[in-house]
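Enquirer: Kindly return the folded structure for what I paste below:
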Amino acid sequence: MNKNTPRVKTGLDTLWNNPPECLKGRRLGLLANPASITSRFAHAKDVIAQLFPGQLSTLFSPQHGFFAEKQDNMIESGHFRDPDLNIPVFSLYSETRIPTAEMFTPIDTLVIDIQDVGTRVYTFIYTISYCLETAAKLDKSVVVLDRPNPVGGLQVEGNILEAEYASFVGRYPIPMRHGMTVGEMSAYINTTQKIGCDLTVISMQGWTRDMYWQDTGLVWIPPSPNLPTPLSAMVYPGQVIFEGTNLSEGRGTTLPFEQFGAPFVDIHALKRRVQDRLEGIILRPLCFQPTSGKWQNQTCQGVHIHIIDRDKYKPYLCSIILLQEIMRAHPNEFQFKVPPYEYEFERLPMDLILGSRKLRENLDEMNDPLELEKAWQVSLQVFKQTSQTFYLYK
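Expert: Residues are numbered from 1 along each chain as shown. Down below sits the predicted model:
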């Protein structure tokens, strides 16, 4: 094997090498964004247009837009026509997050090639779920081109989302870090939620569950603006909870999610209190000024998370510990973010992100995060057992 040949072939690479019969003669749609490329950087829309001439009639985009240019939550992208193929591009993060019957009229089969990041609150899997529901209602089929879970397929972490806190950042009872590929998750949702869509998953080749993105040999293309590197994806399952607070989660900086803070944080005291409780990482104190978002153009005292042992690192638990210590040290300055958040105008954003009001209240009452972690293990094990029946890879 050439040293520059990736160890993993994505579903799109598999399709390129062996076009499936189920797409031949069908009118095709494609849900994609800039990360939807082959290992040789060919975009999915061009691959499909070349393999199936005249069949690709419609494109769709998830949150952040077809070009992943929209920076933040609740910043919608518009519909337009693709200048190369002269076909419509429908945004599924616009006036609607659910594809309409009119959008699906020109297609028989929707192809989905989306890079997920293995975290419950990342909205792409819910865009896929709405596509599955619409396709099932309209008797259309869906083909998902599988891609790696960039944070691996072995570690599963976090509490299970409670039904009353379902939203576009968590529709289903799954943990924060779910350990499934986008193809596996699509099949899991289709079956457990009784959607019943005619679904085909085109598998990867060479991916194993112990792989992080860095092990695949593939080039990382940011699926959204604030996950610029595989490292940002690795901390995201924990650091995303700071979106529900007045702490900067690093948006508007060159290290989103890898660094966080606020002008009021005593970073040296924070590090002293928590470093021995955080396995697999080192906290490096720093200062930063966000160019946008929370604390724009103000100097934030914060820390940069450096991962030194990815097998020991539990991003969700670590971030909950960090959150609680900041709440404890700065009761007058710290605040939970108020609505709206992802089109929810009444429920507290933190409750939606955590998937539980009770967990947020337990943190507020200074209950030990390690004890809270123990409490959700039974339901987490049930999820693991159920989800494993949908695993496509050893």
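Enquirer: what residue lies at the spatial centre of this protein?
Expert: residue 122 (3.1 Å; Cα atoms, centre = their mean).
Enquirer: Tell me which residues touch the nearest residue to it once chain neighbours are set aside, please.
Expert: The shortest distance from residue 122 to any non-neighbouring residue, by Cβ to Cβ, 6 or more residues apart in numbering, is to residue 116 (6.4 Å). Glycine gets a C-beta too; all of them are placed from N, C-alpha and C. By Cβ atoms under 8 Å, 6 or more residues apart in numbering, the residues touching residue 116 are 122, 124-125, 147, 149, 181-182, 185, 223.
Enquirer: What are the boundaries of the strands in the chain?
Expert: Applying DSSP state E to the chain gives strands spanning 28-31, 56-61, 80-81, 88-91, 109-112, 141-145, 198-202, 259-262, 281-288, 300-307.
Enquirer: among those, which is nearest residue 321?
Expert: strand 281-288 (10.9 Å; Cβ to Cβ).
Enquirer: Report all helices and strands that the closest one contacts.
Expert: Counting contacts by 3 or more Cβ pairs under 8 Å, 6 or more residues apart in numbering; DSSP states H and E, strand 281-288 packs against strand 259-262, helix 267-274, strand 300-307.
Enquirer: Name the strands paired with that strand and say parallel or antiparallel.
Expert: strand 300-307 (antiparallel) (DSSP bridges).
Enquirer: and the angle from the strand it pairs with to helix 267-274?
Expert: Angle of strand 300-307 versus helix 267-274, following axes from the mean of the first three to the mean of the last three Cα atoms, to 10 degrees, is 40 degrees.
Enquirer: Please identify the buried residues of strand 300-307?
Expert: 300-305 (16 or more other Cβ atoms under 10 Å).
Enquirer: Please apply the same query to stretch 141-156.
Expert: Neighbour-count burial for stretch 141-156 flags 141-153, 155-156 (criterion: 16+ other Cβ under 10 Å).
Enquirer: Of all pairs in these, which one is the farthest apart?
Expert: Of all pairs drawn from the buried residues of stretch 141-156, the greatest distance, 32.7 Å, lies between 141 and 155 (Cβ to Cβ).
Enquirer: Distance from the chain centre to stretch 260-269, please.
Expert: Put simply, stretch 260-269 sits 27 Å off its chain's centre (Cα atoms, centre = their mean, to the nearest Å).
Enquirer: and that stretch, how far apart are its ends?
Expert: 15 Å (Cα to Cα, to the nearest Å).
Enquirer: Residues touching it, excluding its own?
Expert: Residues outside stretch 260-269 that contact it (Cβ under 8 Å, 6+ apart): 239, 242, 246-250, 285-288, 294-295, 298-303, 322, 326, 329-330, 333-334.
Enquirer: Filter the residues you listed down to the buried ones.
Expert: Buried members of the contacts of stretch 260-269, scored by 16+ other Cβ under 10 Å, are 239, 242, 247-250, 288, 294-295, 300-303, 322, 326, 330, 334.
Enquirer: ok so, going back, got TSV for the helices and strands packed on strand 281-288, with mean pLDDT and distance to residue 21 too?
Expert: Formatted as TSV, these follow (pLDDT from 0 to 100; distance: least, Cβ to Cβ, whole Å):
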stretch	mean pLDDT	distance to residue 21
strand 259-262	98	49
helix 267-274	95	55
strand 300-307	98	43
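Enquirer: can you redo these as a markdown table with distance to residue 105?
Expert: A markdown table is the format used below for those (distance: least, Cβ to Cβ, whole Å):
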| stretch | distance to residue 105 |
| --- | --- |
| strand 259-262 | 45 |
| helix 267-274 | 54 |
| strand 300-307 | 47 |
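Enquirer: What is the neighbour count of the closest residue to residue 70 other than its chain neighbours?
Expert: Distances taken as Cβ to Cβ, 6+ apart put residue 64 closest to residue 70, at 4.7 Å, once the chain neighbours are dropped. Residue 64: 25 surrounding residues under other Cβ atoms under 10 Å.
Enquirer: you'd agree residue 64 is up against residue 33?
Expert: Yes: the pair residue 64 / residue 33 is scored as a contact, 7.0 Å apart, by Cβ atoms under 8 Å.
Enquirer: Nice, that's everything, thank you.
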